[in-house]
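> this one's structure only:
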Ligand SMILES: Cc1cc2nc3c(=O)[nH]c(=O)nc-3n(C[C@H](O)[C@H](O)[C@H](O)COP(=O)(O)O)c2cc1C
């Protein structure tokens, strides 16, 4: 299977460097219910502001409820649907905009929910699977189709399954699948002591 490990200046944990957003999913290799629950547990134990746990996630499993899965798939943009359809599981990720304890606005809800989503992505790698987050979906349709209360904001839909070979994809998707992964230079986003003062790595091969 295609590996696209991050090229890092310093070694990082292999689960982090091995994670990447593949689009070739194996439609035949079954994701077990145990693994689906493990993904939920990974998110459940994420940290959150005031321990509010503002994330809400709807799990769509093609093998347990094909109608609900297809409804979720149809909420994605057409371009995403062409490859997500081979992922057995789609997780819709939403955040509560209010704290549970007092209904005050929770300005950390999206932050916490993003952390929980990343936990799912990393747990997927740990279980030998792949996860690909998608922002390309119709938020209003998700809310109306699944009767989601107003105060919850849809953030992403995560495609999860076992990776497949890149040559199972059409030409456009294949080219993207095998393209190098890139990142901005370290110092473009990480500053030393003050705004926009690039942090410098001691390493001569700094990226
Ligand atoms: C919030 C979010 C939304 C994304 N939306 C899409 C999407 O709609 N379709 C898609 O193919 N990839 C989507 N991606 C995947 C990104 O393109 C990908 O994470 C980025 O290019 C970095 O690649 P990597 O995850 O392999 O490191 C999204 C990722 C995130 C975190």
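Sure thing, it's come through. From a predicted model like this one, the values you see are computed outputs, not experimental measurements.

> residues in the protein within reach of the ligand, list them.
The chain comes close to the ligand at residues 20, 21, 80, 133, 134, 135, 136, 156, 181, as judged by C-beta under 6 Å from any ligand atom. To be clear about C-beta, it is placed using only N, CA and C from the backbone, and glycine gets the same treatment.

> And the spatially closest residue to the last one that is not a sequence neighbour, what's its pLDDT?
Meaning residue 181. In space, and not counting its chain neighbours, residue 181 is closest to residue 4: 5.2 Å by C-beta to C-beta, 6 or more residues apart in numbering. pLDDT, residue 4: 98.

> So what does residue 4 have for phi and psi?
phi -130, psi 60 (degrees, to the nearest 10).

> Where does residue 69 sit: helix, strand or coil?
helix (DSSP: H, G, I helix; E, B strand; the rest coil).

> Surely residue 141 and residue 77 touch.
No: Residue 141 lies out of contact with residue 77 (C-beta atoms under 8 Å); the separation is 10.8 Å.

> Next step: the residues of the chain next to the ligand restricted to helices.
residue 80 (DSSP state H).

> leaving aside the residues next to it on the chain, what's closest to residue 158?
Closest to residue 158 by C-beta to C-beta, 6+ apart is residue 91, at 4.4 Å.

> Now do the SS call for the one you found.
Under three-state DSSP, residue 91 comes out as strand.

> Please enumerate the strands of this structure.
Secondary structure of the chain (DSSP state E): strands located at 55-61, 89-96, 130-134, 152-161.

> State the mean pLDDT of the third one.
Looking back up the chat, that one is strand 130-134. 98.

> Report the strands that pair with it, each with its relative direction.
If you go by DSSP bridges, strand 130-134 pairs up with strand 152-161 (antiparallel).

> how far is the strand it pairs with from where the chain is centred?
7 Å (C-alpha atoms, centre = their mean, to the nearest Å).

> what angle sits between that strand and strand 55-61?
40 degrees (axes from the mean of the first three to the mean of the last three C-alpha atoms, to 10 degrees).

> tell me the angle of strand 152-161 relative to strand 89-96?
Per the same axes, to 10 degrees, the angle that strand 152-161 makes with strand 89-96 is 160 degrees.

> Same question for strand 152-161: list its buried residues.
Across strand 152-161, burial judged by 16 or more other C-beta atoms under 10 Å covers 152, 153, 154, 155, 156, 157, 158, 159, 160, 161.

> now stretch 138-155
142, 143, 146, 148, 152, 153, 154, 155.

> ok, the nearest residue to residue 154 once chain neighbours are set aside to residue 10 distance?
Computed as C-beta to C-beta, 6+ apart, the closest residue to residue 154 that is not its neighbour in sequence is residue 139, at 4.4 Å. Between residue 139 and residue 10 the distance is 38 Å, computed by C-beta to C-beta, to the nearest Å.

> same deal with residue 71?
Counting by C-beta to C-beta - residue 71 and residue 10 are separated by 44 Å.
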